[in-house]
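K.L.:
show me the folded form of this:
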Amino acid sequence: MDLMVDLPSVIIILNIIFIILLIFFERKDPTSTWAWLLILTLIPLLGFVLYLFIGLTPNKRKLFRRKQYSDELRNISKEKKQELFVDVEKNFGPLEKSIIRLGFASETTALVGYNELDIYTNGRDKFADLFEDMKAAEDFIHANYYIIQDDKLGDKFMHLLSRKAAQGVEVRLLYDRVGCRNLSVHLINKLKDAGGEAVPFSPFILDMNYRNHRKNVIVDGQIAYMGGINIGEEYIGESDRFGDWRDTHLRVRGTNVDSLQHRFLLDWAFASGEELFTVHKYFPDNQIKGSSPMQIVSSGPDSKEQEIKSMFLKMIYEAEESISIQTPYFIPDQTILEALKSAARSGVDVKVMIPDRSDHVFVYPANNSFVGHLLEAGAKCYRYTDGFLHSKTISIDSRILSIGTTNMDMRSFKLNFEINAFIYDRKTAEKYDKIFENDIKNSIEITPEIYESRGWTMKVRESISRLLSPIL
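P.N.:
The predicted model follows:
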């Protein structure tokens with residue numbers, strides 16, 4: 001007798017197994033657990049596939065191995081750290097000191113360095129300067145990107161890397177397997193044939209839930225780039241879908257170039273197995289002695305703490321006058337949401353800016369749902385209408401500013417490998433606040449009246465998206 005496979009029964013059994021794994025073995029927070037239970041129950045077949053690829057958290061031993069590399073690096077220069085602690089105590093006010101100390105506690109490589117900073121608000125200016133700096137490279141180029149598209153800009157970037165490698169410049173490219181799924185294998189092989197190196201951050205398909213969301217380039221140990229701008233035509237405003245692209249990126253010259261180099265080499269060691277921390281030429285004497293103090297703080301699923309989220313919370317709680325946030329994904333957890341509501345209720349001028357469109361079907365209504373809570377607390381919320389807003393920034397009291405890769409959502413806080421600069425410089429913070437105020441001119445304020453007038457379909461979408469928010 002032929003054995004008949006009862007597919008519905010198999011799916012039900014697999015779903016039960018995953019539900020048991022989810023409840024008893026996966027150490028997720030309760031809100032995330034309930035969201036996955038809902039999906040597995042209501043859409044069993046699709047839910048099974050989704051959980052397999054984006055919900056299941058595989059063994060983290062390799063990730064903790066990377067953490068051990070980080071711990072070893074943290075013990076390299078205790079004397080230098082003590083010197084910088086003294087500098088902080090002497091030269092910063094109480095507000096800055098409290099956040100800087102948390103940065104040290106979160107990641108003790110987060111040394112306060114002094115830099116010259118250039119802020120970019122679009123990809124066109126960023127890539128014009130980046131490509132010129134890459135062309136001038138003499139020793140090495142280290143690049144880490146979440147997305148490199150197979151388009152004209154991606155092609156130009158990869159060909160420039162290959163050309164520099166052929167000239168004898170050391171080139172290392174670290175790319176995320178998920179974000180760079182469209183990256184041409186031909187271009188990767190061309191880089192390798194020219195003498196460069198390219199490795200995916202996660203070599204295994206079931207590790208795809210842990211994404212390296214960082215976007216860093218270090219050139220000759222003298223110049224570094226970091227922020228929200230990936231490589232693709234949409235990031236220079238040449239996408240029919242998104243139109244103009246509003247983003248924020250930094251060009252760094254000064255002490256913290258070494259901090260960004262440390263982070264790249266940690267990620268490179270995890271992905272490639274090659275340890276380069278002790279190679280002196282990757283940490284040359286920096287020629288720039290800037291005036292803008294800054295910390296580089298990173299976070300990821302390899303850590304027990306959510307370092308960048310903790311820094312955001314500290315900034316929100318310490319703010320006395322103003323909080324300005326730009327983010328494409330405003331899907332905060334309860335701690336961030338309550339902190340912002342408390343700040344608004346206590347008289348702090350809280351402003352949150354989100355896109356007027358979305359690159360994800362559930363994100364726009366989820367953003368809208370959380371905006372409603374802030375409006376009730378007295379915060380001001382805006383939808384940016386002059387293209388797509390991808391900027392990831394938070395500024396408080398026109399004194400402290402953070403620019404980086406971290407969205408205000410639970411994926412960035414818990415699952416992605418992220419990196420942010422925390423800048424303790426009134427001049428730079430005031431400059432960015434002026435940029436924010438200019439962006440308001442290209443935005444629509446979401447007043448309580450506008451929010452309450454939304455239709456019932458949006459209310460339904462908000463309810464569904466809010467349930468799914470822990471896993472978006």
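K.L.:
quick one, strands of the stretch 351-472 of the chain?
P.N.:
380-384, 388-389, 393-396, 400-404, 408-409, 418-423, 443-445 (DSSP state E, counting those that start in this stretch).
K.L.:
quickly run through the sheet partners of the second one, with directions.
P.N.:
Here strand 388-389 is paired, per DSSP bridges, with strand 245-246 (parallel).
K.L.:
pretty sure Trp245 contacts Tyr235?
P.N.:
Yes - counting by CB atoms under 8 Å, Trp245 touches Tyr235, with 5.5 Å between them. Quick note: C-beta positions are derived from backbone N, CA and C, even for glycine.
K.L.:
so which of the strands of the stretch 351-472 of the chain is nearest Lys289?
P.N.:
strand 418-423 (16.5 Å; CB to CB).
K.L.:
what angle separates the closest one from strand 400-404?
P.N.:
150 degrees (axes from the mean of the first three to the mean of the last three CA atoms, to 10 degrees).
K.L.:
about what we covered before: mean pLDDT and distance to Gln167 added to the strands of the stretch 351-472 of the chain, as a markdown table?
P.N.:
Supplementary listing: the strands of the stretch 351-472 of the chain in a markdown table, determined by pLDDT from 0 to 100; distance: least, CB to CB, whole Å:
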| stretch | mean pLDDT | distance to Gln167 |
| --- | --- | --- |
| strand 380-384 | 97 | 41 |
| strand 388-389 | 96 | 36 |
| strand 393-396 | 98 | 36 |
| strand 400-404 | 98 | 31 |
| strand 408-409 | 93 | 41 |
| strand 418-423 | 97 | 29 |
| strand 443-445 | 97 | 45 |
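K.L.:
residues touching Tyr432, list them.
P.N.:
Ile119, Thr393, Ser395, Leu401, Ile403 (CB atoms under 8 Å, 6 or more residues apart in numbering).
K.L.:
quick check: Phe277 vs Ile435, distance?
P.N.:
36 Å (CB to CB, to the nearest Å).
K.L.:
actually Glu338, sorry about that
P.N.:
For Glu338 relative to Ile435 (CB to CB), the value is 28 Å.
K.L.:
show me the shaky parts of the stretch 51-200 of the chain.
P.N.:
51-87, 107-109 (pLDDT under 70).
K.L.:
helices of that one, start to end?
P.N.:
With DSSP state H, counting those that start in this stretch, the ranges of helices along the stretch 51-200 of the chain come out as 61-74, 78-91, 94-106, 123-135, 152-166, 185-193.
K.L.:
hmm, back to that, which neighbours do Trp245 and Tyr235 share?
P.N.:
Gly123, His390.
K.L.:
domain parsing for the chain?
P.N.:
Split into domains by automatic domain parsing, the chain comes to 7-55, 61-87+119-292, 307-471.
K.L.:
Ser106: which of the ones you listed is closest?
P.N.:
domain 307-471 (3.9 Å).
K.L.:
next one: that closest one to chain centre, how far?
P.N.:
Centroid displacement of domain 307-471 relative to its chain, using CA atoms, centre = their mean, to the nearest Å, is 14 Å.
K.L.:
with stretch 252-265 instead?
P.N.:
17 Å.
K.L.:
tell me the contacts of His249?
P.N.:
Ile119, Tyr120, Gly123, Lys126, Lys215, Tyr225, Met226, Gly227, Gly228, Ile229, Ile403 are the contacts of His249 under CB under 8 Å, 6+ apart.
K.L.:
my read: the fourth one touches Asn230, true?
P.N.:
No - taking contact to mean CB under 8 Å, the distance of 10.6 Å between Lys126 and Asn230 leaves them out of contact.
K.L.:
circling back to that earlier point, now for the contacts of Tyr432: which two are most distant?
P.N.:
Taking CB to CB, no two of the contacts of Tyr432 sit farther apart than Ile119 and Ser395, at 11.7 Å.
K.L.:
isn't Val297 up against Val112?
P.N.:
No - counting by CB under 8 Å, Val297 does not reach Val112; the two are 11.2 Å apart.
K.L.:
so what sits against both of the two?
P.N.:
Common contacts of Val297 and Val112 (CB under 8 Å, 6+ apart): Gly103.
K.L.:
now name the helix or strand holding Pro293.
P.N.:
In this assignment (DSSP states H and E), Pro293 forms part of strand 292-299.
K.L.:
what strands flank that strand, and is each parallel or antiparallel?
P.N.:
strand 113-120 (antiparallel), strand 418-423 (antiparallel).
K.L.:
which one of those is the most hemmed in?
P.N.:
Most buried of the strands paired with strand 292-299 by mean neighbour count (mean count of other CB atoms under 10 Å) is strand 418-423; its value is a mean of 26.
K.L.:
what angle do that one and helix 94-106 make?
P.N.:
150 degrees.
K.L.:
what about the stretch 251-400 of the chain, any weak spots by pLDDT?
P.N.:
Ranges of the stretch 251-400 of the chain meeting pLDDT under 70: 361-362.
K.L.:
what segments of it are helices?
P.N.:
Using DSSP H, counting those that start in this stretch, helices in the stretch 251-400 of the chain cover 256-272, 307-318, 334-345, 363-377.
K.L.:
got the angle for the longest one vs strand 292-299?
P.N.:
With the same axes, to 10 degrees applied, the angle from helix 256-272 to strand 292-299 works out at 20 degrees.
K.L.:
number of nearby residues for Arg357?
P.N.:
17 (other CB atoms under 10 Å).
K.L.:
how close does it get to Pro328?
P.N.:
Distance of Arg357 to Pro328, computed by CB to CB: 10 Å.
K.L.:
name the residues contacting each of the two.
P.N.:
In contact with both Arg357 and Pro328: Phe388, using CB under 8 Å, 6+ apart.
K.L.:
what's the closest non-adjacent residue to Leu174?
P.N.:
Asn144 (4.3 Å; CB to CB, 6 or more residues apart in numbering).
K.L.:
ok so, going back, out of the strands of the stretch 351-472 of the chain, nearest to Leu266?
P.N.:
Using CB to CB, the nearest of the strands of the stretch 351-472 of the chain to Leu266 is strand 418-423, at 10.7 Å.
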